[in-house]
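J.: Just the structure for this:
(one chain, ligands or ions: 2)
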Amino acid sequence: MIVLKLGGSAITEKDRPETLDGKSLAAAAAAVSSAFETGDEDSDDDAIEDLVIVHGGGSFGHHNASEHGVTTTAGSHDPAAVHDIHGAMTTLNEFVLSRLLEYDVPAVPVHPFSTAHRDSGGDLTLPSQQVETLVEEGFVPVLHGDLVAHAGEGATVVSGDELVVDLARSLDADRIGLCSTVPGVLDDAEEVVPEITSFDAVADILGESEATDVTGGMAAKVQALLELEPEASIFGLADIEPFLAGDEPGTTVR
Ligand SMILES: Nc1ncnc2c1ncn2[C@@H]1O[C@H](COP(=O)(O)OP(=O)(O)OP(=O)(O)O)[C@@H](O)[C@H]1O
Ligand SMILES: C=C(C)CCOP(=O)(O)O
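T.: Ligands and ions are numbered 1, 2, ... in the order given. Have a look, this model is predicted:
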């Protein structure tokens, strides 16, 4: 079982509201397609079968959430805000799905707003049986950063990274990959840090996203991945294919 996140910064123009990066999204879909079992028996000897995709927001969702003052902890009870933020994410989800379908990946949507919630302490519950059954039935479920019902707050943001960590646990994932707009976690000299085993060791170089981002950028990503039992890779668009083939490109968080 592989859980792959397509970072919003990789598939959209993150600094231009609601702008897709069509070329990058197509490249990501092509890379997933070439690794996935597509029914062509000649070319699928080592094909992967069990795959869940999560995508982030990029220029969809973050701007809307920021305008409404909604974060992962500060919520809203305004239905118009919910429709605006969730609507931006489902719009991006439709773009992602249609591009994956064009490349023969059997992608289907799973919207966290309709299935997940947070308790008053902010802890997330994301039922995984729907996702598991879809995988067993040959689909590739595609989830996305979204809003979720939050006890005492109305609705708050859930990041794709948080969904990845939750799904990796509940689905007992073997491999976890986060594709972003950078080739990995970069040090002060802009070189990829090959391995991260503790937050303190890299805290000084980790920052937020350069674009509008309500979920914490690279620092939050690394912190969430360090809590996971299996190792996880952070890499750029060009490394989706090597990752799906079994390599450990970019930065490995263990
Ligand atoms: N040390 C670092 N190495 C690499 N990127 C860093 C670092 N510190 C901060 N960043 C920022 O983190 C960004 C990646 O985090 P971001 O949350 O934007 O990624 P994403 O998951 O692809 O996007 P989204 O959250 O929209 O899904 C980079 O584009 C960069 O601006
Ligand atoms: C801003 C919203 C609604 C989702 C953000 O998800 P992320 O881009 O994975 O952090």
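
J.: how about low-confidence regions in the protein?
T.: 37-45 (pLDDT under 70).

J.: now the strands: where do they sit in the stretch 1-150 of the chain?
T.: 2-6, 51-55, 107-109, 117-118, 124-125, 140-144, 146-150 (DSSP state E, counting those that start in this stretch).

J.: Of those, which is nearest ligand 2?
T.: Ligand 2 lies closest, by Cβ to the nearest ligand atom, to one member of the strands of the stretch 1-150 of the chain: strand 146-150, at 5.6 Å. Just so you know, the C-beta spots here come from the backbone N, C-alpha and C atoms, and that holds for glycine as well.

J.: In this structure Val82 contacts Glu153, no?
T.: No - in this structure, Val82 is not within contact of Glu153 by Cβ atoms under 8 Å, at 12.0 Å.

J.: check contacts around Ala219.
T.: Contact analysis of Ala219 by Cβ atoms under 8 Å, 6 or more residues apart in numbering lists 203, 206-208.

J.: Show me which of those residues is closest to ligand 1.
T.: Lowest distance from ligand 1 to the contacts of Ala219 (Cβ to the nearest ligand atom) belongs to Gly207, with 3.5 Å.

J.: For the nearest residue to Gly152 once chain neighbours are set aside, give its distance to ligand 2.
T.: Closest residue in space to Gly152, ignoring its immediate chain neighbours: Ser120 at 4.6 Å, by Cβ to Cβ, 6 or more residues apart in numbering. Using Cβ to the nearest ligand atom, to the nearest Å, Ser120 is found at 21 Å from ligand 2.

J.: So Ser120 versus Glu153, what's the distance?
T.: 8 Å (Cβ to Cβ, to the nearest Å).

J.: quick one, which of these two is more surrounded?
T.: Counted by other Cβ atoms under 10 Å, Ser120 and Glu153 do not tie: Glu153 has more neighbours, with 19 against 9.

J.: thinking again about what came up before, distance to ligand 2 and mean neighbour count for the strands of the stretch 1-150 of the chain - can I get that in a markdown table?
T.: Output for the strands of the stretch 1-150 of the chain, formatted as a markdown table (distance: least, Cβ to the nearest ligand atom, whole Å; neighbours: other Cβ atoms under 10 Å):
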| stretch | distance to ligand 2 | mean neighbour count |
| --- | --- | --- |
| strand 2-6 | 7 | 27 |
| strand 51-55 | 7 | 26 |
| strand 107-109 | 15 | 17 |
| strand 117-118 | 14 | 20 |
| strand 124-125 | 13 | 15 |
| strand 140-144 | 7 | 24 |
| strand 146-150 | 6 | 24 |
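
J.: Quick one: closest of those to Ala168.
T.: Proximity to Ala168, assessed across the strands of the stretch 1-150 of the chain by Cβ to Cβ, is greatest for strand 2-6 (5.2 Å).

J.: ok, residues contacting the closest one?
T.: 25, 28, 32, 48, 50-56, 96, 160-161, 164, 167-168, 171, 173-179, 240, 243-244.

J.: Contact partners for the residue nearest to Thr12 when sequence neighbours are not counted?
T.: Leaving out its chain neighbours, the residue that sits closest to Thr12 by Cβ to Cβ, 6+ apart is Gly58, at 3.1 Å. Applying Cβ under 8 Å, 6+ apart, one finds that Gly58 lies in contact with 7-14, 21, 92, 211.

J.: Going by neighbour count, list what's buried in stretch 97-112.
T.: Across stretch 97-112, burial judged by 16 or more other Cβ atoms under 10 Å covers 97, 99-100, 103, 105-107, 110-112.

J.: From one end of it to the other, what's the distance?
T.: One end of stretch 97-112 to the other measures 15 Å (Cα to Cα, to the nearest Å).

J.: Up against ligand 1, what does this protein have?
T.: 7-10, 14, 56-58, 160, 180-182, 185-186, 205-207, 209-210, 213, 215, 217-218 (Cβ under 6 Å from any ligand atom).
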